[in-house]
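K.L.:
Attaching a predicted model along with its sequence, questions to come.
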Amino acid sequence: MAKAPASRQVLSLAQGIVHWPPPPAATALASKLLAAGEAVHGYGLSGGLPALQEALQHKLQTRNGLTGYEVMVTAGANQAFVNLVLTLCDESDSVVLFKPYYFNHLMALQMTGSAPQVLLGPCDADSLHPDLHWLQQQ
């Protein structure tokens, strides 16, 4: 758990590492599904559960007016980044990572072979916003 002033409670969700158990209802349902032979113990489809994709796509169409889009549901930001890199980046592409960057982002680029073309750009020390002036000079 992250340190915080005594007046505030902070629950760190960094890297998906949690320091408390799942809710009893979740463990009960997982046990029930496992006993029934459901495959809920491993990685799922890279695009997410089809029923969840369909429900989200329906919501985006009916409530948000967004049509003509495909929907992907990931287990987290790392999986989303890897899916994005594998979809958009080829070996010959140049990519910018702004420091500090998460090491998994570089590893995802290494999988495509584009790591030699990765430029490491600076961020503003106070805001951590990417240095756009530096980027324009590249």
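P.N.:
Yep, that arrived.
K.L.:
need the strands for this protein, in chain order.
P.N.:
95-98, 118-121 (DSSP state E).
K.L.:
Adjacent strands (with direction) for the last one?
P.N.:
Meaning strand 118-121. Using DSSP bridges, strand 118-121 pairs in its sheet with strand 95-98 (parallel).
K.L.:
Tell me where the chain is predicted with low confidence.
P.N.:
1-8, 10-18 (pLDDT under 70).
K.L.:
By neighbour count, which bits of the longest helix along it are buried? Give me those.
P.N.:
Scanning the chain for the helix with the most residues, using DSSP state H, yields helix 50-64. Buried residues in helix 50-64, counting neighbours by 16 or more other C-beta atoms under 10 Å, are found at Gln53, Gln57. Heads up, the C-betas are built off the backbone N, CA and C, glycines and all.
K.L.:
Let me know which of the strands of the chain is tucked in deepest.
P.N.:
Ranked by average neighbour count under the criterion mean count of other C-beta atoms under 10 Å, these are headed by strand 95-98 at a mean of 16.
K.L.:
Pull the contacting residues for Gly48.
P.N.:
Taking C-beta atoms under 8 Å, 6 or more residues apart in numbering, we find Gly48 in contact with Val71, Met72, Val73, Thr74.
K.L.:
can you do 10 Å?
P.N.:
Shown in contact with Gly48 (C-beta atoms under 10 Å, 6 or more residues apart in numbering): Glu54, Leu56, Val71, Met72, Val73, Thr74, Ala75, Gln79.
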